[in-house]
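**Student:** take this sequence and fold it.
(one chain, ligands or ions: 3)
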Amino acid sequence: MREEERSRTYYIHTFGCQMNQADTGIISTLLRNEGYKPAAAEEDAGIILLNTCAVREHAVDRIENYLQHLQGMKKRRKDLLVGITGCIPQYQREEMFFLSPAIDFLAGPDTYRTLPSLIEQARAGARLSALDFNAAEMYEGIDQERPGSISAFVPVMRGCNNMCAFCVVPFTRGRERSHAFSTVLKEVRQLAEAGYREITLIGQNVNSYSDPETGRDFADLLAAASHAAPKTRIRFTTSHPKDISEPLLRAIAGHENICNHIHLPVQSGSTRILGLMNRGHSVEEYRGKIDLIRSIIPGVAITTDLIAGFCSETEEDHQATLKLLSDVRFDSAFMFFYSTRPGTLAARTLPDDIPEQVKKRRLQEIIDLQNEISSKLYEEAVGAVVEVLAESESKRSGQQLMGRTATNRVVVFDRAGHEPGDFLDVRITAATSATLLGTAVDN
Ligand code: SAM
Ligand code: SF4
Ligand code: F3S
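**Tutor:** Ligands and ions are numbered 1, 2, ... in the order given. Below is the predicted model:
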């Protein structure tokens, strides 16, 4: 490719959560609108963007390693521009430039409209950043480009106001604000008309959604989305335990196409630790929400996030977490050990006093127990017939497809003439702790 042509092509690496994945789609649209074209691979791109995540130290280390690779590339390709977007630059600000000479420009989550101008100025030799917070920036009117044509993310809010003591998100994404009800519904309707089979409403705390025009809440939004796309699966993530309400649960139970899965991060099974984490609820209140969810939504799957080794966590606190896992029997969990994030409430006020090997040992105990629970729950599904949305060919074989149940369990099954995008019934024949195996049932 000629150098001039290549200078107007881009490749985006996305790290982190669904919000970042959705933002990558927004960045892509903004660049295309200015005449830039996506490159098929990093090697073919004149501009490489890393859309980054700052949630744990490990996520930041990955970017540092990647920057070394890009620096090597830049030595060979003088025309290559490297931009860092998303949560790390917003968090580390201009200091990030010191990380690597490979970085040409920085842009935070609220400044993506400036990217074309940053790129132009970087071409002219400037090293610039755009890191202002702008709570008014919702990227209204920018259609998010989406990978694939089966599942789509629809952001319903940006930012987070919760200030959990361990978490950087409020510092990287700013104040919480919701998209207008009408905008979300319009997008849901368009996606359904375009043939998408599954729509996930996303936000760091979706159930604190509030329509800026009418104050309607997330239960209203979910029900309205279900009506706007009646043949499409509707999912949502992430819910905060303190904002789980009965009307929300009734909306889920009352609409066939709203998936009976709730991701409800608990973080710890100790009320003392939850207090230090500033989560806004006790373990008993959390257990009460679980009971309420299960009493209203039949067959619901509840998944969670857990952090091992938060500041001052004792063996007793850790045992309380294991006890909570045994009692609740989550379908699955994302499990992490605590990683202190400079600037957060915990980093400023609580010593990170649990030795790394203790954090890792506790995490392993949590993982082992959760795997055992998931294995048993998955094993119980053997023999059942479940509805699956086929998503893609399985990694192992083109003869098999991979899909998910409404409860978000992964199912691998023999293809038998089906294509990604099909809804079909699958009889479960075997299970591991993370995957169900089955065969299509012909109706
Ligand atoms: N908004 C969601 C919530 O309230 O649970 C998720 C936020 S965060 C992007 C995803 C998960 O990362 C959290 O639920 C938590 O378990 C984990 N996490 C966040 N900060 C962390 C830290 N400093 N160390 C380890 N894990 C962390
Ligand atoms: Fe972070 Fe808490 Fe907000 Fe989730 S709810 S993004 S953990 S501050
Ligand atoms: Fe990471 Fe930012 Fe999401 S810190 S988890 S990419 S909001």
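**Student:** can I get stretch 88-101 as CSV, trimmed to CA atoms?
**Tutor:** What follows is stretch 88-101, C-alpha atoms only, in CSV (Å, rounded to 0.1, in the frame of the first residue of the first chain):
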residue,chain,number,x,y,z
ILE,A,88,-5.7,4.8,31.1
PRO,A,89,-4.9,8.2,29.6
GLN,A,90,-8.0,9.7,31.3
TYR,A,91,-6.6,8.4,34.6
GLN,A,92,-2.8,8.9,34.2
ARG,A,93,-3.2,12.1,32.1
GLU,A,94,-0.2,13.6,30.4
GLU,A,95,2.1,11.4,32.5
MET,A,96,1.3,8.7,30.2
PHE,A,97,3.5,10.2,27.5
PHE,A,98,6.5,9.2,29.7
LEU,A,99,5.5,5.6,29.4
SER,A,100,6.7,5.3,25.8
PRO,A,101,8.1,7.5,23.1
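**Student:** please renumber the chain so that the first residue is 459 from this point on.
**Tutor:** Taking 459 as the first residue, the last one we looked at is stretch 546-559.
**Student:** so for it, what's the average pLDDT?
**Tutor:** Per-residue pLDDT values across stretch 546-559 average out to 94.
**Student:** buried set for it?
**Tutor:** Neighbour-count burial for stretch 546-559 flags 546, 547, 548, 549, 550, 554, 555, 557, 558 (criterion: 16 or more other Cβ atoms under 10 Å). For glycine as for every other residue, the C-beta is placed from the backbone atoms N, C-alpha and C.
**Student:** of those residues, just say which sits nearest to residue 801.
**Tutor:** Nearest to residue 801 out of the buried residues of stretch 546-559 is residue 549 (Cβ to Cβ; 7.3 Å).
**Student:** thought residue 789 was touching residue 868?
**Tutor:** No. Counting by Cβ atoms under 8 Å, residue 789 stays clear of residue 868, with 11.4 Å between them.
**Student:** out of those two, which sits in the more crowded spot?
**Tutor:** Taking neighbours as other Cβ atoms under 10 Å, residue 789 and residue 868 compare with residue 789 leading, 21 against 18.
**Student:** closest one to residue 849 out of the buried residues of stretch 546-559, please.
**Tutor:** Using Cβ to Cβ, those come closest to residue 849 at residue 546, 29.6 Å.
**Student:** wait, a helix at that closest one?
**Tutor:** Yes. Using DSSP: H, G, I helix; E, B strand; the rest coil, the assignment for residue 546 is a helix.
**Student:** got a list of what it touches?
**Tutor:** 510, 511, 512, 517, 518, 521, 554, 630 (Cβ atoms under 8 Å, 6 or more residues apart in numbering).
**Student:** how about residue 817?
**Tutor:** Residue 817 touches 766, 767, 795, 796, counting by Cβ under 8 Å, 6+ apart.
**Student:** and it, how far is that from residue 793?
**Tutor:** 11 Å (Cβ to Cβ, to the nearest Å).
**Student:** any residues in contact with both of these two?
**Tutor:** residue 766.
**Student:** phi, psi for residue 893 please.
**Tutor:** Backbone dihedrals for residue 893, given as degrees, to the nearest 10, come out at phi -140, psi 140.
**Student:** I figured it hits residue 868, correct?
**Tutor:** Yes. In this structure, residue 893 is within contact of residue 868 by Cβ under 8 Å, at 5.0 Å.
**Student:** low pLDDT regions in the chain?
**Tutor:** 459-460, 901 (pLDDT under 70).
**Student:** what about 90?
**Tutor:** Filtered on pLDDT under 90, the chain yields the residue ranges 459-465, 517-519, 536, 756, 853-857, 873-874, 890-891, 900-901.
**Student:** quick one: the helices in it?
**Tutor:** In the chain, the helices defined using DSSP state H lie at 461-464, 476-491, 515-534, 545-550, 573-581, 627-631, 639-651, 676-686, 704-712, 729-734, 741-754, 773-786, 803-807, 814-838.
**Student:** tell me which of those sits most buried.
**Tutor:** helix 545-550 (a mean of 26; mean count of other Cβ atoms under 10 Å).
**Student:** quick one: is that helix near ligand 3?
**Tutor:** Yes. Using Cβ under 6 Å from any ligand atom, we find that helix 545-550 touches ligand 3 at residue 545.
**Student:** tabulate the contacts of residue 817 (a markdown table), appending distance to ligand 1.
**Tutor:** As requested, the contacts of residue 817 are arranged in a markdown table below (distance: Cβ to the nearest ligand atom, whole Å):
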| residue | distance to ligand 1 |
| --- | --- |
| 766 | 9 |
| 767 | 9 |
| 795 | 7 |
| 796 | 5 |
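**Student:** which member of these is positioned nearest ligand 3?
**Tutor:** Among the contacts of residue 817, residue 796 lies closest to ligand 3 (Cβ to the nearest ligand atom), at 15.3 Å.
**Student:** quick check: closest non-adjacent residue to residue 529.
**Tutor:** Using Cβ to Cβ, 6 or more residues apart in numbering and skipping residues adjacent in sequence, the residue nearest residue 529 is residue 560, 4.0 Å away.
**Student:** quick one: the one you found and ligand 3, what's the gap?
**Tutor:** Residue 560 sits 21 Å away from ligand 3, going by Cβ to the nearest ligand atom, to the nearest Å.
**Student:** hang on, that residue packs against residue 524?
**Tutor:** No. Using Cβ under 8 Å, residue 560 makes no contact with residue 524, being 9.5 Å away.
**Student:** list the buried ones in stretch 652-667?
**Tutor:** Buried, per 16+ other Cβ under 10 Å, within stretch 652-667: 654-667.
**Student:** CA atoms of it as PDB?
**Tutor:** In PDB, the C-alpha atoms belonging to stretch 652-667 read as follows (Å, rounded to 0.1, in the frame of the first residue of the first chain):
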ATOM      1  CA  ALA A 652     -31.500  -4.700  10.900                       C
ATOM      2  CA  GLY A 653     -31.800  -8.300  12.000                       C
ATOM      3  CA  TYR A 654     -29.800  -8.400  15.300                       C
ATOM      4  CA  ARG A 655     -30.900 -11.300  17.500                       C
ATOM      5  CA  GLU A 656     -29.600 -10.000  20.800                       C
ATOM      6  CA  ILE A 657     -29.300  -6.600  22.300                       C
ATOM      7  CA  THR A 658     -27.500  -5.900  25.500                       C
ATOM      8  CA  LEU A 659     -28.300  -2.600  27.300                       C
ATOM      9  CA  ILE A 660     -25.000  -1.600  28.900                       C
ATOM     10  CA  GLY A 661     -23.800   0.800  31.600                       C
ATOM     11  CA  GLN A 662     -21.600   0.500  34.700                       C
ATOM     12  CA  ASN A 663     -24.700   0.700  36.800                       C
ATOM     13  CA  VAL A 664     -27.600   0.200  34.400                       C
ATOM     14  CA  ASN A 665     -30.300  -0.100  37.100                       C
ATOM     15  CA  SER A 666     -29.700   3.500  38.300                       C
ATOM     16  CA  TYR A 667     -30.800   4.600  34.800                       C
END
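**Student:** for residue 690, which non-adjacent residue is closest in space?
**Tutor:** residue 650 (4.8 Å).
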